[in-house]
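Chemist: below is the sequence, then the predicted model.
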Amino acid sequence: MKSFSMCIALTILLNLSASLAAAEKTAPVRMGAGAMTFDTVPGWGLGADGKSVLGPTHGGVAIDKAGNIYTSANKGVVVFSPDGKVIREFLGKAYSDMHDIEIRDEDGVEYIYGARNNNAEGIKFNAKDGKIVLKLTVAGIAEQSGLKIRRMNPTAITVAPNGDIFLADGYYSNRIFRFDKAGKYLAHFGKKGNGMEQFNTAHGMTLDTRYDPPRLLICDRNHRPKGRMVHYSLDGKFLGEVVTGLGMPTSVSVQGDFASIPDLHGRVVIIDKTNTIIAVLGHNPDRRRGSSFGIKQEQWVEGHFSGTHGSCWDAEGNLYVQDWNVSGRIMKLVRVKR
């Protein structure tokens, strides 16, 4: 009996030592500058076995009133608690391949709006029970607008204060479609090209609440000579370039006076209200790996991003960042209080 007890004690000690060693193996990485300094949280969002629970990711990030984090993967939408535990999932064909997501409180009920790239539609569903309440389809747009369209590949979605919905067809026509809150087509603007008022992959979009009235802030990812951010009014008027030379800006998230802009080359750029770059996060020194989808989990480097695709701020100013990644990667960056 004594020998058996000693064996149990030794086993517990070895397991504890292994856990401590694992914890020590990956240390937080500090990044950014000034008020926009962050520490990574190693292992955040991974399963009990240390593996990604997401599968391939090519989507966005959104956060609800309770601080829960929603991220879209190829398989559907996964919801994490602030400490990185999965609390619910919306999986399967109805929720797959959302290239961008946004959450909105409407009369006390929160809804997820999603741009479904491969499924050629915009979607709105209840963030708690998953009930789908609205779809924006090619057939609907063609019927209501008179446009002769047979295809679209939506990349981004956002909602105006009055409930109007904007859906960017960034992987095909580069039009931005506008609908009322019931899904009725209202208007569209934009076309493909490298002109000042054209888009070369309208890849990301959000409502820029740093301005009054708010305006659309759009990621023109492949615009030449380099990627840029542009402003449009809510009625589709071009207001000007915001930032140029960003590489390949994929999406944008606004909180207060700041905006986070993931760049597919493996970094997140933060700008202030004057649209000055004030911090760069997660810069990957290896340009080839920084923009690669195929970096498997065993190749991840703490503090180095790859194919950075989505981001969102929580109420405390922390950032959650998703990579375009074969294994499925989402990271928590904790804002350093100064």
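Modeler: Cool, the structure landed. These numbers were taken from a predicted model, which means no experiment stands behind them.
Chemist: rest of the way, CA atoms for contacts and neighbours
Modeler: OK.
Chemist: how close does residue 306 sit to residue 320?
Modeler: Counting by C-alpha to C-alpha, to the nearest Å, the gap from residue 306 to residue 320 is 14 Å.
Chemist: the two - which one has more neighbours?
Modeler: Neighbours were counted for residue 306 and for residue 320 using other C-alpha atoms under 10 Å; residue 306 has more, 30 against 24.
Chemist: who are the contact partners of the more buried one?
Modeler: Contact analysis of residue 306 by C-alpha atoms under 8 Å, 6 or more residues apart in numbering lists 264-267, 284, 289-293, 295, 323-325.
Chemist: how about TSV for these, with neighbour count added?
Modeler: As requested, the contacts of residue 306 are exported to TSV (neighbours: other C-alpha atoms under 10 Å):
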residue	neighbour count
264	26
265	26
266	28
267	28
284	19
289	19
290	23
291	23
292	20
293	20
295	22
323	32
324	27
325	27
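Chemist: for those, give me TSV that also has pLDDT, distance to residue 55 and secondary structure.
Modeler: Formatted as TSV, the contacts of residue 306 follow (pLDDT from 0 to 100; distance: C-alpha to C-alpha, whole Å; DSSP: H, G, I helix; E, B strand; the rest coil):
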residue	pLDDT	distance to residue 55	secondary structure
264	96	19	coil
265	95	21	coil
266	96	19	coil
267	97	21	strand
284	90	22	coil
289	89	19	helix
290	90	19	helix
291	91	18	coil
292	95	16	coil
293	97	12	coil
295	97	13	coil
323	98	12	strand
324	98	11	coil
325	98	8	strand
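Chemist: just to be sure, residue 144 is in a helix?
Modeler: Yes. Assigned with DSSP: H, G, I helix; E, B strand; the rest coil, residue 144 falls within a helix.
Chemist: quick one: low-confidence parts of the stretch 51-200 of the chain?
Modeler: Regions of the stretch 51-200 of the chain meeting the criterion pLDDT under 70 are absent.
Chemist: in it, which spans are helices?
Modeler: Assigned by DSSP state H, counting those that start in this stretch, the helices in the stretch 51-200 of the chain fall at 138-145.
Chemist: quick one: the strands in it?
Modeler: With DSSP state E, counting those that start in this stretch as the criterion, the stretch 51-200 of the chain has strands at 61-63, 69-73, 76-80, 86-91, 98-106, 109-116, 121-126, 132-137, 156-159, 165-168, 176-179, 185-189.
Chemist: export the ones you listed to JSON lines and append columns for mean neighbour count and distance to residue 272.
Modeler: Formatted as JSON lines, the strands of the stretch 51-200 of the chain follow (neighbours: other C-alpha atoms under 10 Å; distance: least, C-alpha to C-alpha, whole Å):
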{"stretch": "strand 61-63", "mean neighbour count": "26", "distance to residue 272": "21"}
{"stretch": "strand 69-73", "mean neighbour count": "28", "distance to residue 272": "24"}
{"stretch": "strand 76-80", "mean neighbour count": "22", "distance to residue 272": "28"}
{"stretch": "strand 86-91", "mean neighbour count": "16", "distance to residue 272": "32"}
{"stretch": "strand 98-106", "mean neighbour count": "23", "distance to residue 272": "21"}
{"stretch": "strand 109-116", "mean neighbour count": "23", "distance to residue 272": "26"}
{"stretch": "strand 121-126", "mean neighbour count": "22", "distance to residue 272": "30"}
{"stretch": "strand 132-137", "mean neighbour count": "16", "distance to residue 272": "33"}
{"stretch": "strand 156-159", "mean neighbour count": "27", "distance to residue 272": "21"}
{"stretch": "strand 165-168", "mean neighbour count": "26", "distance to residue 272": "24"}
{"stretch": "strand 176-179", "mean neighbour count": "22", "distance to residue 272": "25"}
{"stretch": "strand 185-189", "mean neighbour count": "17", "distance to residue 272": "27"}
